[in-house]
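Peer 1: Here's a sequence, model it:
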Amino acid sequence: TSGTLNITGNFSRTAGTFTHNSGTVVFTASDNSITSGGQSFYNLTINGAFDPELNYYYTLTLNDTLSVANDLTLSQVNVITSGYAIDVTRDYSQTAGGNGGLISAGSSTITVGRHFSADGANDSTGYNSASIVLTGTGNLTYNNLSAPWSNGFYNLTCGQDGNTTTTNSTFGVNNLLTIGSGTLTGTGQIDLNGGGNVLSFNATSTLSINTIEFYKTSSVNIPALNNGYDCNIIVGNNGTIINQTGNVTLNGSKSLRIIADYFTGRTCTWNTNGYDLTVGGYIELGVSGDTATKTLNITNSTLTVGGNFTIASTQAVFTTTGSTVIFNGSGTQQLTSAGESFNNLTHSGSGTLQLQDALDVNGAFVNSAGTFNANNKNMNFAADWSNTGSAAFTRGSGTLTFDGTTTLTNSSSNAADLGALTITGTVTLGSSVTITSCSGAGTLNLGTGSYTLTISGTGSPLGVTAFSQGTGSTVKYSGISATNIATV
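Peer 2: Modelled structure (predicted):
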């Protein structure tokens, strides 16, 4: 009937028919078992039983697949699934108390239609080899879980068929996290402990939790996600190597930390593998005081950053061959490079890019919007240099050295005096330019565009070793005191 059936012994259906009739079956564990014979329960509650003389919680063992048409409640009971599947149409709830509330899920697949709730207070390893499949819209809760970097689930499948899974818990997924056409959301953190392919997405998947952390001590792949990763990402363990298999975007203000959980003696790596990487928030590479190398390799990729970019240690490695780094934030972005060089660097955001230490750019430099604030730091440029549009370039008291082959364009409507230049390579004007002075063992060529070189310094401001007047160009001395005109 639709009432309640209490069972303290075994349940074994080997013949005949068991009809749940929307009723509730309550088991009290006594080292007993359930053999359902393919029949389903409606509401099923399994309660623990404790023998104080033996200091022992009795168990309940599944002998075949368990099907529950409504809710399954495991209350302070030690359950052994024997690897059999559990199918729950609505809610799955497992609670712990005293020494009861353990589950040995083995390699079982547990399929739940709405809410899944588990408790790791007495055993945080119970689901480590199990696969959890959440088919509907509901909450995923895993309370009192210790060491989530190694404990949690084997596989987790959620956000199926356009539905939403919400989790505010921190737990691990030891093999594969799959998000269907729906959403995984909440304030939780998932530690991905597997290697190789650990993420699987649908074309419309949404991943919108607080953080995912890659924790495998070997190579791990991160795929493209059409809707972008709406979560922070951490590269956390010693020897973790992240390989992009597509373009990766971290939405909004989400951050990327390549920090091996802030252990100075751990190595970790992120390889873009020629794909683009867009980080809406900040990037942190390395840890102050590092004794081991943290690496960001963006060879032949475009890296776009919306927040601060901090290389925190001279032990960190930033590999930039053939790459472009774009700063596009609307606020103030701080750049700390710790002696690492850039290939191409572009500032296109409406805000300010402010240096925190010396800057070395071996490829093209473009400042096309907002303000580039050198913050009195030294700068070296080896290729084309452009300040365009209405962008402002604020140099301060640091040195400005051109040590390669450069076309120098300062055509912004907010162009200012570039100050004292040091040229050890070759600089050719791409626009009219105002400088205070120019020195060094290189060449200054005024180009072919009938440009004007305005020199505002006094004394002997034009001291570069080689000088080419160019075509139709003008040199204008604007100093207000005695100035020596060089004949170079």
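
Peer 1: what's around residue 480, how many residues?
Peer 2: 7 (other Cβ atoms under 10 Å). C-beta coordinates here come from the backbone N, C-alpha and C atoms, glycine included.

Peer 1: and it, that one's in a strand?
Peer 2: No. Per DSSP: H, G, I helix; E, B strand; the rest coil, residue 480 lies outside any strand segment and is coil.

Peer 1: Thought residue 458 was touching it, still the case?
Peer 2: Yes. Counting by Cβ atoms under 8 Å, residue 458 is a contact partner of residue 480 at 7.3 Å.

Peer 1: Nearest the geometric middle of this protein, what residue?
Peer 2: Nearest residue to the geometric centre of the chain (Cα atoms, centre = their mean): residue 233, 2.4 Å.

Peer 1: List the residues that contact that one.
Peer 2: 211, 212, 213, 214, 250, 254, 255, 256, 257 (Cβ atoms under 8 Å, 6 or more residues apart in numbering).

Peer 1: how about those in TSV, adding neighbour count and pLDDT?
Peer 2: Listed next are the contacts of residue 233 as TSV, based on neighbours: other Cβ atoms under 10 Å; pLDDT from 0 to 100:
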residue	neighbour count	pLDDT
211	18	98
212	24	98
213	23	98
214	25	97
250	25	98
254	22	98
255	19	98
256	28	98
257	25	98
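
Peer 1: for residue 225, what are its contacts?
Peer 2: Contacts of residue 225 by Cβ under 8 Å, 6+ apart are 199, 201, 205, 207, 248, 249.

Peer 1: Let me see the contact set for the nearest residue to the fifth one once chain neighbours are set aside.
Peer 2: The one in question is residue 248. Nearest non-adjacent residue to residue 248, counting by Cβ to Cβ, 6 or more residues apart in numbering: residue 277, 5.3 Å away. By Cβ under 8 Å, 6+ apart, the contact list for residue 277 reads 244, 247, 248, 249, 256, 298, 301, 302, 303, 304.

Peer 1: before we move on, back to that, for the residue nearest to the centre of the chain, give me the pLDDT.
Peer 2: For residue 233, the model assigns a pLDDT of 98.

Peer 1: now residue 487
Peer 2: On the pLDDT scale, residue 487 is placed at 54.

Peer 1: Please tell me how far the residue nearest to residue 248 sits from residue 222.
Peer 2: 10 Å (Cβ to Cβ, to the nearest Å).

Peer 1: Give the other helices and strands that the strand or helix carrying residue 442 contacts.
Peer 2: Residue 442 is part of strand 437-445 when elements are defined by DSSP states H and E. Here strand 437-445 touches strand 420-423, strand 426-429, strand 452-455, strand 462-468, going by 3 or more Cβ pairs under 8 Å, 6 or more residues apart in numbering; DSSP states H and E.

Peer 1: same thing but at 6 Å, please
Peer 2: On a contact count with 3 or more Cβ pairs under 6 Å, 6 or more residues apart in numbering; DSSP states H and E, strand 437-445 meets strand 420-423, strand 426-429, strand 462-468.

Peer 1: Can I get the ones you listed in TSV including distance to residue 445 and mean pLDDT?
Peer 2: Output for the helices and strands packed on strand 437-445, formatted as TSV (distance: least, Cβ to Cβ, whole Å; pLDDT from 0 to 100):
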stretch	distance to residue 445	mean pLDDT
strand 420-423	10	97
strand 426-429	4	98
strand 462-468	4	91
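
Peer 1: Serialize these to a markdown table and add fields for mean neighbour count and distance to residue 412.
Peer 2: Below are these laid out as a markdown table (neighbours: other Cβ atoms under 10 Å; distance: least, Cβ to Cβ, whole Å):
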| stretch | mean neighbour count | distance to residue 412 |
| --- | --- | --- |
| strand 420-423 | 20 | 17 |
| strand 426-429 | 21 | 15 |
| strand 462-468 | 17 | 24 |
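
Peer 1: In a markdown table: those, plus distance to residue 96.
Peer 2: Formatted as a markdown table, those follow (distance: least, Cβ to Cβ, whole Å):
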| stretch | distance to residue 96 |
| --- | --- |
| strand 420-423 | 69 |
| strand 426-429 | 71 |
| strand 462-468 | 77 |
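
Peer 1: and residue 25, bridged to which residues?
Peer 2: Each beta-bridge partner of residue 25 is listed here: residue 5, residue 44, as defined by DSSP bridges.

Peer 1: For it, give me its contacts.
Peer 2: Applying Cβ atoms under 6 Å, 6 or more residues apart in numbering, we find residue 25 in contact with 5, 41, 44.

Peer 1: for residue 126, same thing?
Peer 2: 103, 105.

Peer 1: one more time with 7 Å
Peer 2: 102, 103, 104, 105 (Cβ atoms under 7 Å, 6 or more residues apart in numbering).

Peer 1: Which helix or strand contains it?
Peer 2: Using DSSP H and E, residue 126 falls outside every helix and strand.

Peer 1: separation between it and residue 205?
Peer 2: 28 Å.

Peer 1: Helices of the stretch 1-150 of the chain, residue ranges please.
Peer 2: Counting by DSSP state H, counting those that start in this stretch, the stretch 1-150 of the chain has no helices to list.
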